[in-house]
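> Curious how this folds, go ahead:
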Amino acid sequence: MSALEKSPEAAGGTPLMTLGGVSQVFDTKAGPIRAVDNIDLSINPGEVLCLVGESGSGKTTAARMAAGLARPTSGQVAFDGTDIWSLKRNDFTTFRRSVQYVHQDPYASLNPTRTIQQTITAPLFKHGVVKSKKEAAERAAELLTKVDLTPPENYLSKYPHQLSGGQRQRVAVARALTLDPKLIIADESTSMLDVSIRISVLAMLGRLRDDLGVGFLFITHDLAIAKYFGWRGKTAVMYLGRIVEFGPTPKIINAPTHPYTRALIDAIPEPDPDLTKTKGRESLRSLEIPSLAHLPSGCSFHPRCPQFEDGLCDGAIPELTTIRSGQSAACHVVARDGVPGVGEGGHPDGPGA
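The predicted structure follows:
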């Protein structure tokens, strides 16, 4: 039995994937850049984990390490309880089949010289999933149907440039499903799509999540998207390479504890103009994001934080601390004082439920 072929009894509640104390440091002319700094995350089978933060927060670097596309400078990436970088070649191939990546840009992620059928059937032939061209064509048509590209015969012979952005992203998802993955890493996979198309793609991904039981590491800069897609899952908020808040998505959305998370939620557009006028907002001290090459001392958010306290926030780096049941934040002030006027939050029903 290979390292990734464990019995159900052996698996016994083991998370599908864990990132334990993972860091990624890049050497540059400006000095070492710590793109990801000692993060801990886990994803259970069939679970959605949303990774949220501004551009440059380290989300994609963390995703690349989770997918085995980049080796961490320190820490461990484990799949089914086994360190992926200790796997033998055949077992690593099994891991790569089990974890599929959907990129942000549907225009660049598909080979322009291949038809849609060739794109989808290539991994089927490479990994010996099908034996004949007829079987491959039938499987390709089945996958296109799953991602709502119907009738599939209208798409199989087309090239990527003949499709819209939403159709291309659906093809990318179909390609990711070819090898029956246990985990899909969706890296800003809807951010380049029109809003109307974005909702339909998210609905399609949600249906695949429910029907196939596949887990998702869903990366986005938009908490509204995380709310819609990951309501029944968990959300981790990243800022400059570190996890600053973590918990069930309803609690993160309805009762955020970290000032940065509250600022992200305040940035979500409010469709009601009357509510916009009366809505309280987190007033940041600065809109400028510090450079990863010259991170501030202590809490890296303190130059922008409205709750900044001299001598406290710019001293030690805050640890991720449990603030309330199932919810943790890395903030000296919140850990000391709590969050006044905020209840447990997180109504059991909501978007995406």
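
> Only C-alpha atoms from now on, for both contacts and neighbour counts.
OK.

> count of residues packed around residue 17?
For residue 17, the tally of surrounding residues (other C-alpha atoms under 10 Å) stands at 26.

> just checking, it touches residue 40?
No: taking contacts as C-alpha atoms under 8 Å, residue 17 lies outside contact range of residue 40: 10.8 Å.

> Centre of the chain to the host helix or strand of residue 202, how far?
If you go by DSSP states H and E, residue 202 is part of helix 195-212. What separates the centre of helix 195-212 from the centre of its chain is 15 Å, taken as C-alpha atoms, centre = their mean, to the nearest Å.

> for the record, mean pLDDT for it?
What helix 195-212 shows for mean pLDDT is 86.

> Can we start the residue count at 115 from this point?
In the new count, where the first residue is 115, that last one comes out as helix 309-326.

> Show me what it is packed up against.
Using 3 or more C-alpha pairs under 8 Å, 6 or more residues apart in numbering; DSSP states H and E, the elements in contact with helix 309-326 are helix 279-291, helix 337-343.

> Which of those sits closest to residue 218?
Residue 218 lies closest, by C-alpha to C-alpha, to one member of the helices and strands packed on helix 309-326: helix 279-291, at 8.7 Å.

> next SSE after that closest one?
Per DSSP H and E, the first helix or strand lying C-terminal to helix 279-291 is strand 297-301.

> what does that next one contact?
159-160, 174, 177, 181, 212-218, 290, 328-334 (C-alpha atoms under 8 Å, 6 or more residues apart in numbering).

> What segments of the protein are helices?
All helices of the chain, identified by DSSP state H, fall at 122-125, 173-180, 203-212, 230-240, 247-260, 279-291, 309-326, 337-343, 363-368, 373-380, 387-392, 446-451.

> Please work out the average pLDDT along the first one.
To tie it back to what came earlier, the one meant is helix 122-125. Over the span of helix 122-125, the pLDDT mean works out to 38.

> Burial check on residue 241, number of neighbours?
So residue 241, with other C-alpha under 10 Å, has 12 neighbours.

> And residue 402, by the same measure?
9.

> how about it, what does it touch?
By C-alpha under 8 Å, 6+ apart, the contact set of residue 402 is residue 418.

> mind checking how far it is from residue 410?
Noted for residue 402: a distance of 12 Å to residue 410, by C-alpha to C-alpha, to the nearest Å.

> How about the contacts made by residue 430?
Per C-alpha under 8 Å, 6+ apart, neighbours of residue 430: 411-413.

> need these in CSV with pLDDT, can you?
As requested, the contacts of residue 430 are exported to CSV (pLDDT from 0 to 100):
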residue, pLDDT
411, 93
412, 93
413, 95
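
> Identify, from those, the entry nearest to residue 364.
residue 413 (25.4 Å).

> The closest one and residue 421, how far apart?
12 Å.

> what about these two, which has more around it?
residue 413 (22 against 18).

> Spatially nearest residue to the more buried one, not counting backbone neighbours?
Distance criterion C-alpha to C-alpha, 6 or more residues apart in numbering; nearest residue to residue 413, sequence neighbours excluded, is residue 431 at 5.0 Å.

> Report pLDDT for the one you found.
pLDDT for residue 431: 94.

> ok, now the one 3 residues further on?
Here the pLDDT value assigned to residue 434 is 94.

> picking that back up, closest one to residue 406 among the helices of the chain?
Shortest distance between residue 406 and those, using C-alpha to C-alpha, is found for helix 173-180: 13.5 Å.

> Is it correct that residue 435 is in contact with residue 448?
No: the criterion here is C-alpha under 8 Å, and residue 435 misses it with residue 448 at 9.3 Å.

> count of residues packed around the closest residue to residue 311 other than its chain neighbours?
Nearest non-adjacent residue to residue 311, counting by C-alpha to C-alpha, 6+ apart: residue 280, 6.0 Å away. Neighbours of residue 280 under the rule other C-alpha under 10 Å: 19.

> Now do residue 280 against residue 221, distance only.
On the measure of C-alpha to C-alpha, residue 280 and residue 221 end up 10 Å apart.
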